[in-house]
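> sequence and computational prediction follow.
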Amino acid sequence: MNHKFGWTALALLITSIILLPLLAIGYHAFGGEAENLAHLWNTMLPVYIKNSTLLVVGTVLLSVVFALPTAWIVANYRFWGQKTLQWLLCLPLAMPAYLIAYLYTDLLDYSGSFQEMLRGIFGWQTPQDYWFPQIRTLYGACFVLALVLYPYIFLLVRVALLEQSENLTHSAKMLGATPSQIFRRITFPLIRPSIAVGIALVAMETLGDFGTVAYFAVPTLTTAIYDSWLGYHDLGTASQIAIFMLLMIFLFLSLEQYSRRKQQSYQRGYEKKSGFKTLSGWKLGVALAWCWGLLAMAFFIPVGRLLYWAYDYFEQSWNLDFVQFATNSLKVSIIASIVTVIFALILHFAQRLSIGKFSAKTTRLSLQLSSLGYAIPGTVLAIGLLSPLTFADHKLHAILKSLELSPVGLIFSGSLFALVLAYTVRFLAMAIGSLDTSLNKISPSLDMASQTMGKNGLTMFRKVHIPLIYKGILTAGLMVFIESMKELNASLLLRPFNFDTLATYVFTFTSDEQLERAALPAIVLVLVGLLPVIWLTRSLISQSEKER
């Protein structure tokens, strides 16, 4: 029993660490300078809120426009390239949005190659001779973010469409329902939960974006946190804005659950979709143009541009800085993935060992609360970690001083410790989810048999569970490693002095309008990001095919 209590105590300690940023934000939100907050409210804060709202709404609407027709075409029709498109259409998730922002600005700006081509064709000489939409605007940011985020909705809706029963459609046709009535009364209500979940994911990712809005100079709540912290040096006001962002995220999640409160799907026992309709003629041409055109805009054109620059500027890109920053990214991401997987294993194992209602509820709640970090934007997370880590450094300095020992500098807030902790809090939910699938396949009878043989606690964990779930452990570690490599917001704010990762290195060149020199590390980031996207997409495709 003592061993089991020890695992529960460890789980509660990990949960406390994960909740630390939220608690710190709540504490400092009441300590902000009233004058600074009033100044922000009277000047830019309403603009921040308005722009953030418009950005989220615009990105969600465009993502829905991109995703729904694409998912409908791929899930219902058979045509050339249909199987390939199922996973290719998810590749834009691997593209950092700020990269696409820079690439399309370079392509579509007045001095870009596209407008130069138009002026050459039509003989236009000045901007007054024609009108062309500006890309570096709020609406341009919506377009760029939608290109990157629409796969969230596409993936979920496609799976929902494939899982729908054909018997329901046949029954509706026998009752005289038209195709539009079938879609409105049967198909859409059944895929609405998937749409709602996808919209919530897109909204949260959009609200937490910093790279795109910073490059496009669109003031949002994320940039307001930077202004309050770095401009006014007021952590309290930054925490108050962070609280407001968290409330908006909570609103998105609540609306998603509210939209499904009466939604129940009774499809068990019915035959799922078993066949595809065939497209031909002009309909085939429209479907191909839409799907491949969207894929080209969101992935092939940006990647092609990056490859061209990486080749053209290879000598400038391949230097000691690139090697150093790649090494930095590898080091901190590997450490973060190991720590995160260990935390996830402890939380899961504590739940498996729990006995009694109170212990079971406690460990289950720990698992749920420890998964909250993924919903916290990187900027907000950095704000929440800065204060307690700085406090810990000051306390350590005071202790060493009282013992007449030499100070050791910023151990917590000015070292890799802060980055590793931020990545762990942010991506622990991914490791928990990955391990949950593997652990659920282990029968509780194995635990009982192991305990009967005297193998308890850590021994059972090491000799029984680890060999059976090592693939799940590797998968969880890989997912956390890849996401840590790409993380920008927390890395910008918590990195040690004179320390850059590949993500911050690329963003610095992007901000200075010199992405050409950082095209090679940008390609590395994209290639790293492709691995979880391909893995996730292929697993969902194979799972849906098995179910059919």
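Okay, I see it.

> count of neighbours near Ala9?
11 (other CB atoms under 10 Å). Where C-beta positions appear, they are placed from N, C-alpha and C, glycine not excepted.

> helix, strand, or coil at Arg305?
helix (DSSP: H, G, I helix; E, B strand; the rest coil).

> er, Phe250 I mean
helix.

> tally of neighbours for it?
So Phe250, with other CB under 10 Å, has 11 neighbours.

> gap between it and Leu207?
11 Å (CB to CB, to the nearest Å).

> ditto for Val341
28 Å.

> what is the rounded mean pLDDT of the longest helix along the chain?
Ranked by number of residues, the top helix in the chain under DSSP state H is helix 320-353. For helix 320-353, mean pLDDT rounds to 87.

> which other helices and strands contact that helix?
Under the contact definition 3 or more CB pairs under 8 Å, 6 or more residues apart in numbering; DSSP states H and E, helix 320-353 sits against helix 2-29, helix 357-370, helix 416-440, helix 466-486, helix 502-511, helix 519-547.

> in that helix, what counts as buried?
For helix 320-353, the neighbour count (16 or more other CB atoms under 10 Å) marks 322, 325-326, 328-329, 332-337, 339-341, 343-353 as buried.

> ok, stretch 222-231 next?
For stretch 222-231, by 16+ other CB under 10 Å, it's 222-229.

> what about that stretch, average pLDDT?
77.

> put the alpha carbons of that stretch into CSV.
Provided in CSV are the C-alpha atoms of stretch 222-231 (Å, rounded to 0.1, in the frame of the first residue of the first chain):
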residue,chain,number,x,y,z
THR,A,222,-0.6,37.6,-28.0
THR,A,223,1.4,40.7,-29.1
ALA,A,224,-0.3,42.6,-26.2
ILE,A,225,1.4,40.2,-23.8
TYR,A,226,4.8,41.0,-25.4
ASP,A,227,4.1,44.7,-25.2
SER,A,228,3.1,44.6,-21.5
TRP,A,229,6.0,42.4,-20.5
LEU,A,230,8.8,43.7,-22.6
GLY,A,231,7.5,47.2,-23.2
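
> can you list contacts of it?
36, 40, 44-45, 48, 52, 207-210, 213-214, 234-235, 237-238, 241-242, 245, 377, 379-380, 383, 489, 493 (CB atoms under 8 Å, 6 or more residues apart in numbering).

> secondary structure and distance to Trp318 added to the buried residues of stretch 222-231, as TSV?
Formatted as TSV, these follow (DSSP: H, G, I helix; E, B strand; the rest coil; distance: CB to CB, whole Å):
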residue	secondary structure	distance to Trp318
Thr222	helix	33
Thr223	helix	33
Ala224	helix	38
Ile225	helix	35
Tyr226	helix	32
Asp227	helix	36
Ser228	helix	39
Trp229	helix	35
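
> distance to Ala422 for the residues you listed - can I get that in a markdown table?
Output for these, formatted as a markdown table (distance: CB to CB, whole Å):
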| residue | distance to Ala422 |
| --- | --- |
| Thr222 | 16 |
| Thr223 | 19 |
| Ala224 | 20 |
| Ile225 | 15 |
| Tyr226 | 16 |
| Asp227 | 21 |
| Ser228 | 19 |
| Trp229 | 15 |
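
> out of the residues you listed, flag the one nearest to Ala67.
For these, the minimum distance to Ala67 (CB to CB) is 23.9 Å, reached by Thr222.

> host element of the residue most central in space within the chain?
With distances taken as CA atoms, centre = their mean, the residue of the chain nearest its centroid is Glu205 (6.1 Å). Taking DSSP states H and E as the criterion, the element that holds Glu205 is helix 188-207.

> give me the helices and strands touching that helix, please.
Helix 188-207 packs on helix 45-76, helix 138-162, helix 235-259, going by 3+ CB pairs under 8 Å, 6+ apart.

> show the average pLDDT along that helix.
Helix 188-207 comes out at a mean pLDDT of 82.

> now swap in stretch 371-389 and tell me
82.

> show me what counts as buried in it.
371-373, 375-389.

> helix or strand: which one has Thr379?
Going by DSSP H and E, Thr379 is part of helix 378-402.

> and that helix, what does it pack against?
helix 2-29, helix 221-226, helix 235-259, helix 416-440, helix 489-494.

> adding distance to Glu516, write those helices out as JSON lines.
Output for those, formatted as JSON lines (distance: least, CB to CB, whole Å):
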{"stretch": "helix 2-29", "distance to Glu516": "37"}
{"stretch": "helix 221-226", "distance to Glu516": "26"}
{"stretch": "helix 235-259", "distance to Glu516": "34"}
{"stretch": "helix 416-440", "distance to Glu516": "28"}
{"stretch": "helix 489-494", "distance to Glu516": "21"}
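
> quick one: which of those helices is nearest Arg517?
Per CB to CB, nearest to Arg517 of the helices and strands packed on helix 378-402: helix 489-494, 19.0 Å.

> can I get the closest one as PDB, trimmed to CA atoms?
Only the C-alpha atoms of helix 489-494 are listed here, as PDB (Å, rounded to 0.1, in the frame of the first residue of the first chain):
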ATOM      1  CA  ASN A 489       6.500  31.100 -28.700                       C
ATOM      2  CA  ALA A 490       7.800  29.700 -25.500                       C
ATOM      3  CA  SER A 491      11.300  29.400 -26.900                       C
ATOM      4  CA  LEU A 492      11.400  33.100 -27.800                       C
ATOM      5  CA  LEU A 493      10.600  34.200 -24.300                       C
ATOM      6  CA  LEU A 494      12.300  31.500 -22.100                       C
END
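
> look up how far Gly208 lies from Leu389.
21 Å.

> repeat for Ile17
Counting by CB to CB, the gap from Ile17 to Gly208 is 21 Å.

> more neighbours, those two?
Higher neighbour count among Ile17 and Gly208: Gly208, with 20 against 17, using other CB under 10 Å.

> list the contacts for the residue lying closest to that one once chain neighbours are set aside?
Excluding its sequence neighbours, the residue lying closest to Gly208 (CB to CB, 6 or more residues apart in numbering) is Pro377, at 2.9 Å. Listed by CB under 8 Å, 6+ apart, the contact set of Pro377 reads 204, 207-208, 222, 245, 249, 489.

> could you redo the last one with a cut-off of 10 Å?
Neighbouring residues of Pro377 by CB atoms under 10 Å, 6 or more residues apart in numbering: 204-205, 207-210, 221-222, 225, 242, 245-246, 249, 383, 426, 489-490.

> distance of it relative to Ala242?
In terms of CB to CB, Pro377 sits 8 Å off from Ala242.

> and if you look at Ile399?
From Ile399 over to Ala242 (counting by CB to CB), the distance is 30 Å.

> ok, the two, which is more surrounded?
Neighbours per residue, other CB under 10 Å: of Ile399 and Ala242, the larger number sits with Ala242, 32 against 10.
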